[in-house]
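Novice: A structural model of the following input is requested.
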Amino acid sequence: MKIIDFNTIKNLNIPLGKMYEWTSTVWKEQDEFLLAAKISIWQEESGRYMTMPCVLPKYNVAGVKFISRNIDDSDGIPARNSNIMLQSLDKHGLLATMDGTYITTMRTGACAAYNAITFARKNAKTLAIYGLGLTARTFLLFYADKLTHPMTIRVMKYKNQAEEFISEFKHDPNLKFEICTSLEEMFKSDIIVSCVSFAHKELAPVETYPKGCTIIPVHTSGFQNCDLEFEKIFVDDIDHVKKYRYYEQFKDRMARITDVANGRVAGRENEDERILVYNGGIALTDMYWALQIVNLIGENCPQIPMTYPIERFWINK
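Specialist: I've put the predicted structure just below:
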């Protein structure tokens, strides 16, 4: 069994374009995989533990990701972290146990960028990013890597976070930045990407959002009022949204991202449609990325030999 830690993955320096390509492949091949809805267990208000299983028969692998968000960060490391186990379908034992934090962060940014590019209006000129943590930075890395025209990035004034965020991307010639002092000002944009972890209520009235906008709530909360009003809603997986408050009201206006990627349904059909894309994250992306990383690393990682029963009746007498 291979043991692959965070630094081993990070030090591969995988090109952004390659990881974006992995994301595109998952959307095209999603129906060839087997996916169960993630299971969440909550501890008090902020502690959360999620298990995300799936099977990729085409690649002869199954896997599960375990995510934890600790209430108390006693060791000084990020509260949100994850681990992945990969299992061969036709051989005994685990292929790898590996860090899932790097994969989760990067695939989340890549998926959000893919959706911003896929569902935005053609003449989009403004992009609002709410929440300027690691997810926002990862998203803009991927988005800017694909951007071929000037784009105004709107961020929210809060302490010195906006200035620090801008300093990381100020050298990109396609990016111009504006610092806003209200959500209403910031959300009057062509594309809105929300990277805040929690929103206990709707962030703005529906009329705040202009015609033709595309909203991508990376962590899904804060835009439930849009469920009732927007012309189209796209999701990564139907089972993952069935418990949403307004699912019964929006399901007839809903389609999957994979259906758009494969041309089975239309994405944006005109410049006035308001589109909501739920970017909650599915294990298929994690496992596909994990498999690609295992293949890239090859034998250049620690391995632990595992013993398994070789007799059917192995109980000691």
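
Novice: so what's I179 bridging to?
Specialist: I179 has these beta-bridge partners by DSSP bridges: V155.

Novice: Could you count how many residues lie near it?
Specialist: Per other C-beta atoms under 10 Å, the neighbour tally for I179 reads 16. (Each C-beta comes from the backbone N, C-alpha and C, glycine too.)

Novice: Also H200?
Specialist: The tally of other residues near H200 (other C-beta under 10 Å) stands at 6.

Novice: okay, the closest residue in space to it that isn't next to it in sequence: pLDDT?
Specialist: Leaving out its chain neighbours, the residue that sits closest to H200 by C-beta to C-beta, 6 or more residues apart in numbering is S221, at 7.9 Å. Looking at S221, its pLDDT stands at 81.

Novice: and if you look at the one 3 residues further on?
Specialist: As predicted, Q224 sits at a pLDDT of 93.

Novice: Tell me where the protein is predicted with low confidence.
Specialist: Residue ranges of the chain with pLDDT under 70: 45-46, 70-80, 317.

Novice: what residue is smack in the middle of it?
Specialist: With distances taken as C-alpha atoms, centre = their mean, T108 lies nearest the centre of the chain, 2.5 Å away.

Novice: List the strands paired with the one helix or strand A255 maps to, with their directions.
Specialist: Per DSSP states H and E, A255 falls inside strand 254-256. Here strand 254-256 has these sheet partners by DSSP bridges: strand 232-235 (parallel).

Novice: got the domain boundaries for the protein?
Specialist: Here the domain assignment for the chain is 2-103+283-297, 110-278, based on automatic domain parsing.

Novice: how about those domains in a markdown table, adding distance to P305?
Specialist: Listed next are these as a markdown table, based on distance: least, C-beta to C-beta, whole Å:
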| stretch | distance to P305 |
| --- | --- |
| domain 2-103+283-297 | 10 |
| domain 110-278 | 35 |
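
Novice: Can you say which of these is nearest to I315?
Specialist: domain 2-103+283-297 (18.7 Å; C-beta to C-beta).

Novice: what's the span of that closest one from first residue to last?
Specialist: With C-alpha to C-alpha, to the nearest Å applied, domain 2-103+283-297 spans 10 Å between its terminal residues.

Novice: do the same with stretch 196-214
Specialist: Taking C-alpha to C-alpha as the measure, stretch 196-214 stretches 17 Å from start to finish.

Novice: Mind listing residues that contact it?
Specialist: Identification of contacts with stretch 196-214 by C-beta atoms under 8 Å, 6 or more residues apart in numbering yields 115-116, 119-121, 124, 130-131, 183-184, 187-192, 194, 215, 219, 221-226, 228-229, 268, 271-277.

Novice: So how do I select the buried members of those in PyMOL?
Specialist: Only the buried entries of these go into this PyMOL selection, using 16 or more other C-beta atoms under 10 Å:
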select buried, resi 115+116+119+120+121+124+130+131+183+187+188+189+190+191+192+194+215+219+221+222+223+224+225+226+268+273+274+275+276+277
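
Novice: This completes my enquiry, with thanks.
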